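Student: predicted model follows, preceded by the sequence.
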Amino acid sequence: MSYIIGAIAPVVAILIYIYYRDKWEKEPLRKLLSALALGALSVIPVLIVEIWLHDLSFNLPLSKRLDAFYNAFVVAAFTEESFKFIALLIIVWRSRQFSEKYDGIVYAVFVSLGFAMVENIKYVLDGGMNVALTRAITAVPAHALFGVTMGYYLSFARFSLFFKRRNFILALLIPIMLHGIYDFILMSAEPGYFIVFIFYLYYLYKVGFKRIKELSNIKRTPN
């Protein structure tokens, strides 16, 4: 039971933070829980596709570095962020609750952390509390920060007067890129990768909090 709590605790902490940064009009808890649940359910199609893509790589003549690239960007990042994106669109794209720019970040993080919660439980049950502590400051916040980026661009796609299509595409492509780089650094395990990973994690935190601050300070979206 302590492992389950250890796996879920960082998810809950981040969700509370994101929820209370919504200064102007809180989102309905029922809607947020639906986003969290749909994110968790997205694990099922993700696993199916990832297993298929991973098996496919056995027939490809890949070097160690290319194999890391394939698994990081295609198997993990593309698959996971694509299904999160689909879940996010199902939840909010046509919803009247999506009424402010910060709402995009809120719902995207709830979807992302629904997925991350299930993934984290699996890893913590396999690896114990040391894994829980490590992932509490790395993988779980990273999923949230990928969600921040997804929601950031989706909000501009929804509410901005210009570049709607470009921002809609970026809402998927930028999280894939960020997620892929994150996994590639770890999977490639090149000399000095740990230092690179720390700096990259700092970059994700810095940019993510900047985007949260930017959109949470906007009271109304332009008509």
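Tutor: Yes, it's here.

Student: following the longest helix along the chain, which helix or strand comes up?
Tutor: Looking across the chain with DSSP state H, the single longest helix is helix 101-127. Next in sequence after helix 101-127, counting helices and strands by DSSP states H and E, comes helix 129-137.

Student: kindly format the C-alpha coordinates of that following helix as CSV.
Tutor: Taking Å, rounded to 0.1, in the frame of the first residue of the first chain, the C-alpha atoms of helix 129-137 are listed here in CSV:
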residue,chain,number,x,y,z
MET,A,129,10.4,3.5,-2.9
ASN,A,130,13.8,4.5,-4.3
VAL,A,131,12.1,4.5,-7.8
ALA,A,132,9.2,6.4,-6.3
LEU,A,133,11.4,9.1,-5.0
THR,A,134,13.4,9.4,-8.2
ARG,A,135,10.4,9.5,-10.4
ALA,A,136,8.7,12.1,-8.1
ILE,A,137,11.2,14.7,-9.3
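
Student: for the record, mean pLDDT for it?
Tutor: Averaged across helix 129-137, pLDDT comes to 89.

Student: check which helices and strands that helix sits against.
Tutor: Packing partners of helix 129-137 (3 or more CB pairs under 8 Å, 6 or more residues apart in numbering; DSSP states H and E): helix 2-20, helix 101-127. All C-beta atoms are positioned from the backbone trio N, CA, C, and that covers glycine.

Student: just name the most buried of those helices.
Tutor: helix 101-127 (a mean of 24; mean count of other CB atoms under 10 Å).
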